[in-house]
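Trainee: Predicted structure and sequence below. I'll ask about it afterward.
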2 protein chains.
Amino acid sequence: MATTTARDADLAGALVQTMHVLQDLYAETSRPLGLTPQQAHLLCVLLGGPLGMTELSRILSIERSSLTSMVDRLERRDLVSRIPNPTDRRACQIELTKSGLALAHDAHKGFTERIDAMTTGLTAADRRTLAATLQKIVAEA
Amino acid sequence: MATTTARDADLAGALVQTMHVLQDLYAETSRPLGLTPQQAHLLCVLLGGPLGMTELSRILSIERSSLTSMVDRLERRDLVSRIPNPTDRRACQIELTKSGLALAHDAHKGFTERIDAMTTGLTAADRRTLAATLQKIVAEA
DNA sequence: TATTGTTATACTCTATAACTATA
DNA sequence: TATAGTTATAGAGTATAACAATA
């Protein structure tokens, strides 16, 4: 029992450390693109297609009012645009502009390349196992 | 070759998603304790013992000037204190106060318990493998 | 001269509460 | 009434540049 607890503690610690390493990598990748990590996240989420404010705030785990100001800043820089929702005049859809799409692709590519570089020390089998295990965790969360 | 690329992309995506899940969990655990995620991180780092401003800023990956204001706020709440460094009068050591230590323990316990709950669906063998793989990644980063 | 830490400043992120317009 | 989104406000996180004190 004590052994199990110790093992679990190691896993939790390893996950937290990994999170911080990835946060740093995310920040370092975003910055040279002129983006904060939060802005990069938002743009990458929109790679999946336009979203309403409420849905986007849910995905990003922030309040709608916080999102309003983020979208304001990105819209001023012509990276996203608010397009009216034809079926609900209260709502709008947030959409990547042409330059926003290009930047989102750059960010996504940057993250992927850096993370791949970070996992070079693993075998192909280890990478497959890791991806499968993490996907299971994310799916349950 | 195309297959390898696809597998790597899956791994990077799984790692990024896991990071966001953990960030949310970290924020949700910190908030009821009256802490921001950054403050919780700082307090937990200090569980390892007092640190100087430069060293602490390096560990947290923030500028020293950013750390100054964070420490100011935590010191006002009596969670940390600046103690003089006897061998270098320019420097100080940041130390947990009694209440800061208690709060850091609460935060650490909260993270660990929630993460353990998140990995309940895995077998003990999967958890061991995952911890070992993540530790390898962190060690190389 | 180099390093430790702070100050001044500006911007971004975030939440809460109150609000408008539409459903 | 309920929902979509905004505004107003306040506090926290962050970086850059310039600075004081000490090494």
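Mentor: Cool, got the structure.
Trainee: From here on, just use CA atoms for contacts and neighbour counts.
Mentor: Noted.
Trainee: Number of residues surrounding A:Gln17?
Mentor: Counted with other CA atoms under 10 Å in any protein chain shown, residues neighbouring A:Gln17 total 17.
Trainee: In this structure it contacts B:Ala139, no?
Mentor: No. With contacts counted by CA atoms under 8 Å, A:Gln17 stays clear of B:Ala139, the gap being 9.8 Å.
Trainee: Name the next helix or strand following the helix or strand harbouring A:Glu113 along the chain.
Mentor: Using DSSP states H and E, A:Glu113 falls within helix A:98-118. Counting by DSSP H and E, the next helix or strand C-terminal to helix A:98-118 is helix A:124-140.
Trainee: in that next one, what counts as buried?
Mentor: Along helix A:124-140, these residues count as buried under the neighbour rule (16 or more other CA atoms under 10 Å in any protein chain shown): A:127, A:129-131, A:133-135, A:137-138.
Trainee: on that earlier part again, any idea of the mean pLDDT for the helix holding A:Glu113?
Mentor: For helix A:98-118, mean pLDDT is 97.
Trainee: Flag every residue of chain A that's near DNA strand C.
Mentor: Residues of chain A that fall close to DNA strand C, judged by CA under 7 Å from any atom of the strand: A:36-39, A:61-67, A:69-70, A:73, A:87-90.
Trainee: okay, the residue most central in space within chain A: pLDDT?
Mentor: Residue closest to the average C-alpha location in chain A (CA atoms, centre = their mean): A:His41, at 3.9 Å. On pLDDT, A:His41 comes in at 98.
Trainee: is chain B contacted by stretch A:115-124?
Mentor: Yes. Using CA under 8 Å from any CA of the partner chain, we find that stretch A:115-124 touches chain B at A:115-116, A:118-119, A:121-122.
Trainee: shaky segments in chain A?
Mentor: A:1-9 (pLDDT under 70).
Trainee: and it, which residues reach DNA strand D?
Mentor: Within chain A, the positions near DNA strand D by CA under 7 Å from any atom of the strand are A:52-55, A:64-69, A:90-93.
Trainee: got the buried residues for stretch A:41-61?
Mentor: A:41-46, A:50-54, A:56-57, A:60.
Trainee: which one among those residues gets closest to A:Asp78?
Mentor: A:Leu43 (12.0 Å; CA to CA).
Trainee: Could you find the closest non-adjacent residue to the closest one?
Mentor: With sequence-adjacent residues excluded and distances taken as CA to CA, 6 or more residues apart in numbering or on different chains, A:Leu43 is closest to A:Ala104, at 5.4 Å.
Trainee: give the contact list for A:Ala14.
Mentor: By CA atoms under 8 Å, 6 or more residues apart in numbering or on different chains, the contact set of A:Ala14 is B:131, B:134-135, B:138.
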